[in-house]
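**Student:** Model the following, please.
(one chain, ligands or ions: 1)
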Amino acid sequence: MTELKKLAQWAEKELAEVSAEEALAWTRDTFGDRFIVASNMQDAVLIDLAYQAKREIDILFLETGYHFPETIGTRDAVAAVYPEVRIVNAEAEQSVADQEAEFGPLNKTDPTQCCFLRKVVPLQKTLAGYDAWVTGVRRVDAPTRANTPIVQWDDRNNLVKINPIAAWSDEKFNAYIADHGILENPLVSIGYLSIGCAPCTSLPKPGEDARSGRWAGQSKTECGLHG
Ligand code: SF4
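**Tutor:** Next up is the predicted model:
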């Protein structure tokens, strides 16, 4: 077992109850420049929390080529509001045009393969340069995320995964946005509660979980990034 994996297993137990701020301080002190903060640019809550711990952070954005213009605008606004951060745009090897010319509309015919090419592979390649990544996964996002720990070993990508706001309720999350004037993707205000690529994101149905608008009408519920 690698030292990193042992560290993750220790931290999963020892840091099980820590606050988001404590988890990010530990991440900074433990990994220095060797961690990256992932964002889908739905909001800048996680970015803001990480920025309070360390100004010069790398922000991972999976630039699939299929994003809403509002999402790209939010990414650019983040760069302006948090000037010391470095946005890392992880892109697929093929452009959208080349992929569609070769495979047709994969996001309709085989979304798992589309996500693999445009999200999973670029993520794996980017994470290979780090010892840890930080995500905004929360237990209340969906039943599949109900047991998310604050720190865990990411077996698929071979690095430590930190989920500082895993335990946050929607109330706590929304209060942080209101209290700190945090940037939000304008799509949130019209009801999009979980924003992914434009062709695969619709408004969630009333009473359903936030991610119900992702790949609506298909059996797929996750892009393959978080298990
Ligand atoms: Fe392709 Fe849709 Fe996955 Fe985006 S969310 S990578 S468009 S299948």
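
**Student:** Show me the strands in this protein, by range?
**Tutor:** For the chain, the strands defined by DSSP state E cover 35-38, 58-62, 86-90, 132-134, 151-154, 159-162.

**Student:** Okay, now the sheet partners of the second one, with direction.
**Tutor:** The sheet places strand 58-62 alongside strand 35-38 (parallel), strand 86-90 (parallel), with pairing taken from DSSP bridges.

**Student:** next one: the fifth one
**Tutor:** Looking at strand 151-154 with DSSP bridges, its paired strands and their directions are strand 159-162 (antiparallel).

**Student:** Same check on the shortest one?
**Tutor:** Strand partners for strand 132-134, identified by DSSP bridges, are recorded as strand 35-38 (parallel), strand 159-162 (parallel).

**Student:** ok, residues contacting the last one?
**Tutor:** Applying CB atoms under 8 Å, 6 or more residues apart in numbering, the external contacts of strand 159-162 come out as 4, 7-8, 11, 23-24, 27, 31, 35, 127, 130-135, 150-154. Quick note: C-beta positions are derived from backbone N, CA and C, even for glycine.

**Student:** Same check on stretch 23-36?
**Tutor:** Counting by CB under 8 Å, 6+ apart, 7, 11, 15, 18, 49-50, 52-54, 56-60, 88, 126-127, 130-134, 150-151, 160, 162, 164 sit against stretch 23-36.

**Student:** Any quick PyMOL command for the buried ones out of the residues you listed?
**Tutor:** Here is the PyMOL command that selects the buried residues among these (16 or more other CB atoms under 10 Å):
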select buried, resi 7+11+15+18+49+50+53+54+57+58+59+60+88+126+127+130+131+132+133+134+150+151+160+162+164
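
**Student:** coming back round to it: can I get the strands paired with strand 58-62 in TSV including mean pLDDT and distance to Gly73?
**Tutor:** Below are these laid out as TSV (pLDDT from 0 to 100; distance: least, CB to CB, whole Å):
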stretch	mean pLDDT	distance to Gly73
strand 35-38	98	19
strand 86-90	98	13
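
**Student:** Pick the most buried one from those.
**Tutor:** Sort the strands paired with strand 58-62 by mean neighbour count, taking mean count of other CB atoms under 10 Å, and strand 35-38 sits at the top with a mean of 24.

**Student:** Could you give the average pLDDT over stretch 139-150?
**Tutor:** On average, the pLDDT along stretch 139-150 is 92.

**Student:** For Leu187, find the nearest of the strands of the chain.
**Tutor:** strand 58-62 (15.8 Å; CB to CB).

**Student:** what about the spatially closest residue to Val96 that is not a sequence neighbour, how many neighbours?
**Tutor:** Computed as CB to CB, 6 or more residues apart in numbering, the closest residue to Val96 that is not its neighbour in sequence is Gly65, at 3.9 Å. Summarising burial for Gly65: neighbours were counted as other CB atoms under 10 Å, giving 15.

**Student:** likewise Met1?
**Tutor:** Met1: 7 neighbours (other CB under 10 Å).

**Student:** residues in the chain within reach of the ligand, list them.
**Tutor:** 64, 66, 107, 111, 114-115, 118-119, 196-197, 199-200, 223 (CB under 6 Å from any ligand atom).

**Student:** Only whichever of those residues are buried, select them in ChimeraX.
**Tutor:** Here is the ChimeraX command that picks out the buried ones among the residues of the chain next to the ligand, judged by 16+ other CB under 10 Å:
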select :64,66,107,111,114,115,118,119,196,197,200,223
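
**Student:** For the residues of the chain next to the ligand, could you give me TSV that also reports pLDDT?
**Tutor:** Listed next are the residues of the chain next to the ligand as TSV, based on pLDDT from 0 to 100:
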residue	pLDDT
Thr64	98
Tyr66	97
Asn107	94
Pro111	94
Cys114	97
Cys115	95
Arg118	97
Lys119	96
Gly196	93
Cys197	96
Pro199	94
Cys200	93
Cys223	64
